[in-house]
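> coordinates for the following, if possible.
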Amino acid sequence: MSRNTRQRQSAAVKVGRPRNPRIQQRILKAATDLVLEQGFRALSMDAIAERAGVGRMTIYRRWPNKAAVVMDAFFARMDPYALFRGGKTYMESIRLQLRAVAKAYRGKEGSLIRILLAEAQFDPELASAIREKWILPRRRVTIPYLEQGIRDGFLREDLDPNVAVDLLYGPIYLQLLMGTATLSDSYIDKIFQHAMRGFKKA
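This is a model prediction of the structure:
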């Protein structure tokens, strides 16, 4: 490759306009607000563009469909709650992480994921987005953490991490959808305590 060719390619890269993070934030906020106001079915890419004050193609350059936009909006709001916080002990870190998720779900994040989970039963693209962008990544964080607890002797050697994840987080999603109990810290602590009686190594 000649020097002139390399210079032209370099210049072409510099000319390309980088994505503006403020525009992306406006789009994600618009998508969140519209879903909470109107529901997912009424949402459209045109409506998101109008609310965000951007062109329709600006959105399509970033996301293929409205499900991808909304899931990124949800993911951006929830990501700080996804990791295990530094508790004083291994077990305490699990309890604090459960509390953090429940706290988030008591606010707008809970209203948003409740709408999305309901609509996912009728929208294959949304169901796939929830599974690929939220559920599976969270499991890929939690399962290794539980496996570490087994190796370090905190949890039973015969514990199935996949089943343990369902037992820990299933009640949160049940209450989020059915509302038979509040996602209070005391409720989360009871889930944690009951689960740990079966999880802990004797």
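> following the lowest-mean-pLDDT helix or strand in the chain, which helix or strand shows up next?
Within the chain, no helix or strand scores below helix 3-15, which has a mean of 46 by mean pLDDT, DSSP states H and E. On the C-terminal side of helix 3-15, the nearest following helix or strand under DSSP states H and E is helix 21-38.
> packing partners for that following helix?
helix 45-52, helix 56-60, helix 66-78, helix 108-120 (3 or more Cβ pairs under 8 Å, 6 or more residues apart in numbering; DSSP states H and E). From N, CA and C alone the C-beta is placed, and that goes for glycine too.
> among those, which is the most enclosed?
helix 66-78 (a mean of 21; mean count of other Cβ atoms under 10 Å).
> so which residues make contact with it?
27-29, 31-32, 35, 40, 43-45, 48, 59, 62-63, 104, 108-109, 112-113, 116, 123, 125-126, 128-130, 133-134 (Cβ atoms under 8 Å, 6 or more residues apart in numbering).
> among those, name the buried ones.
Neighbour counting by 16 or more other Cβ atoms under 10 Å classes 27-29, 31-32, 35, 40, 43, 45, 48, 59, 62-63, 104, 109, 112-113, 116, 123, 126, 129-130, 133-134 among the contacts of helix 66-78 as buried.
> per-domain residue ranges of this structure.
Here the domain parsing of the chain from automatic domain parsing is 3-65, 76-199.
> and the ones you listed, which one averages the lowest pLDDT?
Ranked by mean pLDDT, these end with domain 3-65 at the bottom, a mean of 81.
> so for residue 192, which of the helices and strands packed on helix 21-38 sits nearest?
Proximity to residue 192, assessed across those by Cβ to Cβ, is greatest for helix 108-120 (18.9 Å).
> what is the orientation angle of the closest one with helix 21-38?
70 degrees (axes from the mean of the first three to the mean of the last three Cα atoms, to 10 degrees).
> and helix 108-120, what other elements does it pack with?
Packing partners of helix 108-120 (3+ Cβ pairs under 8 Å, 6+ apart): helix 21-38, helix 66-78, helix 124-130, helix 161-178.
> may I have the third one exported as PDB, CA atoms only?
Once side chains and other backbone atoms are set aside, the C-alpha atoms of helix 124-130 remain, and they are given as PDB (Å, rounded to 0.1, in the frame of the first residue of the first chain):
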ATOM      1  CA  PRO A 124     -40.800 -12.200  19.400                       C
ATOM      2  CA  GLU A 125     -38.300  -9.400  18.700                       C
ATOM      3  CA  LEU A 126     -38.800  -8.000  22.200                       C
ATOM      4  CA  ALA A 127     -38.700 -11.400  23.800                       C
ATOM      5  CA  SER A 128     -35.400 -12.100  22.100                       C
ATOM      6  CA  ALA A 129     -34.000  -8.700  23.100                       C
ATOM      7  CA  ILE A 130     -34.900  -9.200  26.700                       C
END
